[in-house]
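Visitor: Got a predicted structure plus its sequence, pasted below:
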Amino acid sequence: VVVGADFRSGDIVQFVHDWRHDLIEGIQLFDEYVGSPIAQGKKSLAYSVAYRAPDRTLTDEEVNELQDQLMAALEKKFRVEHRQ
């Protein structure tokens, strides 16, 4: 996600923990980047999100839908930009 340069990466980690979706096992920041092509005054944060169901294998559709829901919640809460 792209956020302001002063945004605390831990805020997203805490939000996901508080969001408490049954299929999210954990989240971890793995990269923070400042520089081109990211706009000045912004930074890119990359997270690894682990999805798991205790009783079955999740389908791609389930994970994609959950990922979309999570991104929508982050965009609403923090006004982050989704970077692919």
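Guide: Arrived safely, thanks for sending.

Visitor: Does the nearest residue to residue 52 once chain neighbours are set aside belong to a helix, a strand or coil?
Guide: Using Cβ to Cβ, 6 or more residues apart in numbering and skipping the chain neighbours, the partner closest in space to residue 52 is residue 25 (4.3 Å). No exception for glycine: its C-beta is placed from N, CA and C like everyone else's. Reduced to three states with DSSP: H, G, I helix; E, B strand; the rest coil, the structure at residue 25 is strand.

Visitor: same question, residue 77
Guide: In terms of secondary structure, residue 77 is helix; the call rests on three-state DSSP.

Visitor: which residues touch the closest residue to it other than its chain neighbours?
Guide: With Cβ to Cβ, 6+ apart as the criterion, residue 77 has its nearest non-adjacent residue at 6.2 Å, and that residue is residue 15. For residue 15, the residues meeting the contact criterion (Cβ atoms under 8 Å, 6 or more residues apart in numbering) are 73, 74, 77, 78.

Visitor: The last one: what's it in contact with?
Guide: Put plainly, it is residue 78. Applying Cβ under 8 Å, 6+ apart, we find residue 78 in contact with 3, 7, 11, 12, 15.

Visitor: Tell me the buried residues within those.
Guide: Neighbour-count burial within the contacts of residue 78 applies to 3, 7, 12; the criterion is 16 or more other Cβ atoms under 10 Å.

Visitor: Residue 82: which of those is nearest?
Guide: Nearest to residue 82, judged by Cβ to Cβ, of the buried ones among the contacts of residue 78 is residue 3 at 11.1 Å.

Visitor: about what we covered before: so of the buried ones among the contacts of residue 78, which ones are in helices?
Guide: When the buried ones among the contacts of residue 78 are checked against helices using DSSP state H, the ones located there are residue 12.

Visitor: how about TSV for the buried ones among the contacts of residue 78, with pLDDT and distance to residue 63 added?
Guide: TSV is the format used below for the buried ones among the contacts of residue 78 (pLDDT from 0 to 100; distance: Cβ to Cβ, whole Å):
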residue	pLDDT	distance to residue 63
3	97	24
7	98	26
12	97	18
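
Visitor: of the buried ones among the contacts of residue 78, closest to residue 68?
Guide: Among the buried ones among the contacts of residue 78, residue 12 lies closest to residue 68 (Cβ to Cβ), at 16.1 Å.
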